[in-house]
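Trainee: Predicted structure and sequence below. I'll ask about it afterward.
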Amino acid sequence: MAITLKNRRLIIIFGVVLVDMLSFSIVLPLLPYLAKSIGATATQIGLLTAAYPLAQVFSAPLLGRLSDRVGRKPVLVLSILGTAGGFVVLAVARFLPILFISRFIDGITGGNISVAQAYIADVTEPKERGRALGLIGAAFGLGFILGPVTGGLLSGISYALPAWVGAGLALVNAVAVALLLPESLSVEDKARLAAQDRRHALDLGALVDALRHKTVGPLLWIRLATGLSFSIFETSFALWALAALGLTARTNGLVLGYVGILSVFVQAFLIGKLTGRFSDDKLIFGALGLAGSALLIWGFVPNLVLLIALMPALSVGLSVTNTITTSALSKAVERDEVGGILGIQTSIQSFTRIPAPILAGYLIGRVSVWSPGLIAGLITLAMMPLAWSTLSLRRASVVCGERDVS
C-alpha cells in the first residue's frame with residue numbers, strides 16, 4: 001500500500017511538471033507568429049520571450065516559501081489554476097500588452113516547479129531522492145518533445161487552439177492534485193513553520209547568504225553558471241543550426257525531438273542507476289566535465305551526422321548535472337528550508353534564461369557560429385574546480401559526521 005501511495009504521488013507530481021513544461025514549450029512555435037500578427041517588432045518578440053523567465057525569478061521563492069508554511073498541495077492547486085488562466089488570456093489576446101500579461105501570468109505560476117521538487121523531497125528518503133527527482137527531468141524532456149510538436153500542429157488550425165488545449169490540460173491537472181494528491185507536510189510541520197519569522201519572497205540578503213554558505217553556496221554557483229551555459233545552448237541551437245549547418249525548420253524540430261527523447265531516457269532510467277552507484281558529488285563533477293566537453297565540441301560540429309552522434313553525451317551531461325544538483329541542494333538544508341532553497345534555485349535558473357538568448361544572438365551575429373558552444377563549454381568546465389574542492393570537502397564532513405554518530 002505504501003509503495004502504491006508513493007507511486008501515485010510521484011505520478012501526479014510528474015503531471016504537474018509536465019503541464020508546466022507544456023505551458024512553456026507549446027507556445028514556442030506560435031508565439032513569434034502570434035505576436036507578429038498583431039504588429040510586434042523583433043525586439044518586442046524578444047522581450048515577450050523573456051517575460052516568462054523574468055516572472056519566474058520573482059515567483060519561485062514566493063511559492064516555495066509559501067508552500068513551507070501553508071502546505072505543498074494548496075500552492076500547487078492555485079498555481080496550476082493560474083497556469084490555466086494564463087493560457088486563457090493568451091488564447092483571447094488581440095493586443096500586445098495582453099500577450100505580455102499572459103506570459104507574466106504563466107511565468108508566475110510556472111514557479112511551482114520548486115514546490116513540486118520540495119514535495120518530492122518531503123516524501124522520499126535521501127538515498128532515493130535523485131531517482132525521484134529524475135522524474136521531474138523526464139517530465140521536462142517529455143514536455144520538450146510534445147509541446148513544440150503539438151503547438152506547431154495545432155497552430156496550423158488556429159493560433160489560439162494550442163492555448164485552449166493547454167488550459168484544458170492544466171484544469172485536469174488541478175483537479176487531479178486537489179482530489180488525489182495527499183499533503184506532504186503534517187499539521188505539526190505547518191504549525192511549526194507558521195510560527196517562524198516570515199521572510200520576503202525575494203530576499204537578496206538571503207540569496208547572498210546562501211551563495212556564501214559552505215555547503216549550499218557551491219551548489220548554487222554551479223546552478224548559476226550551468227543555467228547560463230545550458231540556456232545559451234537551448235536558445236541559440238535553432239539559429240546555430242541554420243547558420244552552421246543550413247538545417248531546415250523541419251530538421252531542427254526533429255533534432256530537438258531527438259534531444260527530448262534522450263533526456264527522457266536519461267532521467268527515467270539512467271539517473272536511478274547512477275545514484276545507486278555514485279555519490280552526488282562524484283556525479284556532479286563527472287557530469288560537468290561531460291557537459292562542458294560536449295558543449296565545446298558542439299560549437300565546431302561540421303555536419304548533421306556528428307551532431308546526432310554528440311547529442312547522447314550532451315544530454316547525459318546536462319540532465320545529470322541538473323538533477324543531481326537539485327538533489328544535493330535538498331539534502332544540504334534542513335527539511336523546513338527545502339521549499340525556500342529550491343525556490344532560490346528556480347529563480348537562478350529563470351534569471352539565466354533572460355540574458356542567454358541576447359548573448360547567444362550577439363555571439364552568432366557578431367562573432368562566429370562556433371562561439372556560443374565555446375563560451376557555454378568554458379563556463380561549464382570552469383565549475384569543475386569548484387565542484388572538486390568544495391563539494392569534496394562537504395562530502396568528507398558528512399562522512400566524518402556519520403562516523404562520529406556511529
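Mentor: Done, it's in. Numbering: from 1, shown residues only.
Trainee: going forward, measure contacts and count neighbours with C-alpha atoms only.
Mentor: Noted.
Trainee: Pull out the buried positions in the host helix or strand of Phe237.
Mentor: Element membership of Phe237, judged by DSSP states H and E, is helix 216-240. Neighbour counts over helix 216-240 (16 or more other C-alpha atoms under 10 Å) mark 216-233, 235-240 as buried.
Trainee: Give me the distance between stretch 119-136 and the centre of its chain.
Mentor: 16 Å (C-alpha atoms, centre = their mean, to the nearest Å).
Trainee: which phi and psi does Gly71 have?
Mentor: When read as degrees, to the nearest 10, the backbone of Gly71 gives phi 110, psi 150.
Trainee: tell me the contacts of the closest residue to it other than its chain neighbours?
Mentor: Leaving out its chain neighbours, the residue that sits closest to Gly71 by C-alpha to C-alpha, 6 or more residues apart in numbering is Leu185, at 6.0 Å. Contact analysis of Leu185 by C-alpha atoms under 8 Å, 6 or more residues apart in numbering lists 71-72, 122.
Trainee: So Leu185 versus Glu334, what's the distance?
Mentor: 14 Å (C-alpha to C-alpha, to the nearest Å).
Trainee: follow-up on the earlier one: what helix or strand is the residue nearest to Gly71 on?
Mentor: Assigning secondary structure by DSSP H and E places Leu185 outside every helix and strand.
Trainee: how close does it sit to Arg72?
Mentor: The gap separating Leu185 from Arg72 is 7 Å, by C-alpha to C-alpha.
Trainee: Repeat that for Ile308.
Mentor: Applying C-alpha to C-alpha, the value for Ile308 to Arg72 is 40 Å.
Trainee: Compare these two (neighbour count), which wins?
Mentor: Set side by side, Ile308 and Arg72 give different neighbour counts by other C-alpha atoms under 10 Å, the larger being at Arg72 (27 against 13).
Trainee: wait, that one sits on Val115?
Mentor: Yes. Assessed by C-alpha atoms under 8 Å, Arg72 is found in contact with Val115 at 6.3 Å.
Trainee: in which helix or strand would I find Ala376?
Mentor: Ala376 is part of helix 371-381, with elements assigned from DSSP H and E.
Trainee: helices or strands up against that helix?
Mentor: helix 216-240, helix 280-300 (3 or more C-alpha pairs under 8 Å, 6 or more residues apart in numbering; DSSP states H and E).
Trainee: Turn the ones you listed into a markdown table, including distance to Ala51 and mean pLDDT.
Mentor: Formatted as a markdown table, the helices and strands packed on helix 371-381 follow (distance: least, C-alpha to C-alpha, whole Å; pLDDT from 0 to 100):
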| stretch | distance to Ala51 | mean pLDDT |
| --- | --- | --- |
| helix 216-240 | 15 | 82 |
| helix 280-300 | 27 | 91 |
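Trainee: Which of the ones you listed sits closest to Leu381?
Mentor: helix 280-300 (5.0 Å; C-alpha to C-alpha).
Trainee: Now tell me what touches that closest one from outside.
Mentor: Helix 280-300 has contacts (C-alpha under 8 Å, 6+ apart) with 233, 274-275, 307, 310, 313-318, 320-321, 324-325, 327-328, 369-381, 383-384, 387-388, 391-392, 395.
Trainee: List buried residues within these.
Mentor: With burial judged by 16+ other C-alpha under 10 Å, the buried subset of these is 233, 274-275, 307, 310, 313-318, 320-321, 324-325, 327-328, 369-381, 383-384, 387, 391-392, 395.
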